[in-house]
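Novice: Okay, here's the prediction I keep looking at, along with the sequence it came from:
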Amino acid sequence: MYPRLTASIFFSFILFISCSSESKDETAKEKDSITLKTEDSAVIKKDQVALKSDNCMILLRDLIKGSSLKNRIPQDFSFSIDDSTEHSYILKIYNRNEGNDVAIAWIEFDYLKSQLRDITFDPDNPLLLDFDARKFKEVQQCL
């Protein structure tokens, strides 16, 4: 596995598990670590830069669904924001399988350069994805 990808997976796992103090129970930990969960299973973590609304997450999900990645992911995928920078989000695309999240793909959503990049196989040499430019602009307006 690639070091960056492994580190990202480890970081997201640790972040999800440890957002609250050790004295809280598991239910409280889960409540503290998630600030937004849409009906479409999109998740934003509390200490990540957050999108403005559930509608933004739905727009982002639709953007991913309509991208050239659509042939590699199931229609009922879930996603979470794994990391963020000044101008992009790293999205984990996953399926829930018997209670476990199984990563399918990793996407970099660069809202400054207006690009979606597939970083699943080689984060240093991402594949540019095709997408609906109108949907991308709608998501940008949510930021």
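Specialist: Thanks, I have the structure now. Residues are numbered from 1 along each chain as shown.
Novice: Quick check on Lys65: phi, psi?
Specialist: phi -60, psi -40 (degrees, to the nearest 10).
Novice: Now it: closest residue in space that isn't a chain neighbour?
Specialist: Gln75 (7.4 Å; C-beta to C-beta, 6 or more residues apart in numbering). All C-beta spots, glycine's among them, are computed from the backbone N, C-alpha and C.
Novice: For the one you found, report the pLDDT, please.
Specialist: Gln75 is assigned a predicted lDDT (pLDDT) of 86.
Novice: ok, the closest residue to Asp118 other than its chain neighbours - contacts?
Specialist: Spatial nearest neighbour of Asp118, excluding adjacent residues (C-beta to C-beta, 6+ apart): Leu127 at 4.3 Å. Counting by C-beta atoms under 8 Å, 6 or more residues apart in numbering, Leu127 makes contact with 117-118, 121.
Novice: Now do Leu127 against Tyr94, distance only.
Specialist: Remark: distance between Leu127 and Tyr94 (C-beta to C-beta, to the nearest Å) = 19 Å.
Novice: Phe136 too?
Specialist: Relative to Tyr94, Phe136 is positioned 22 Å away (C-beta to C-beta).
Novice: With Arg72 instead?
Specialist: Distance of Arg72 to Tyr94, computed by C-beta to C-beta: 13 Å.
Novice: what residues are shared contacts of the two?
Specialist: Common neighbours of Arg72 and Tyr94 (C-beta under 8 Å, 6+ apart) are Ile104.
Novice: of those two, who's got more company?
Specialist: Per other C-beta atoms under 10 Å, whichever of Arg72 and Tyr94 has more neighbours is Tyr94, with 21 against 13.
Novice: so that one sits right up against Pro74, yeah?
Specialist: No - if you go by C-beta atoms under 8 Å, Tyr94 and Pro74 don't touch, sitting 10.3 Å apart.
Novice: shared neighbours, these two?
Specialist: In contact with both Tyr94 and Pro74: Ile104, using C-beta under 8 Å, 6+ apart.
Novice: got the residue ranges for the strands in the protein?
Specialist: Assigned by DSSP state E, the chain shows strands spanning 34-37, 42-45, 78-84, 88-97, 100-110, 115-118, 127-128.
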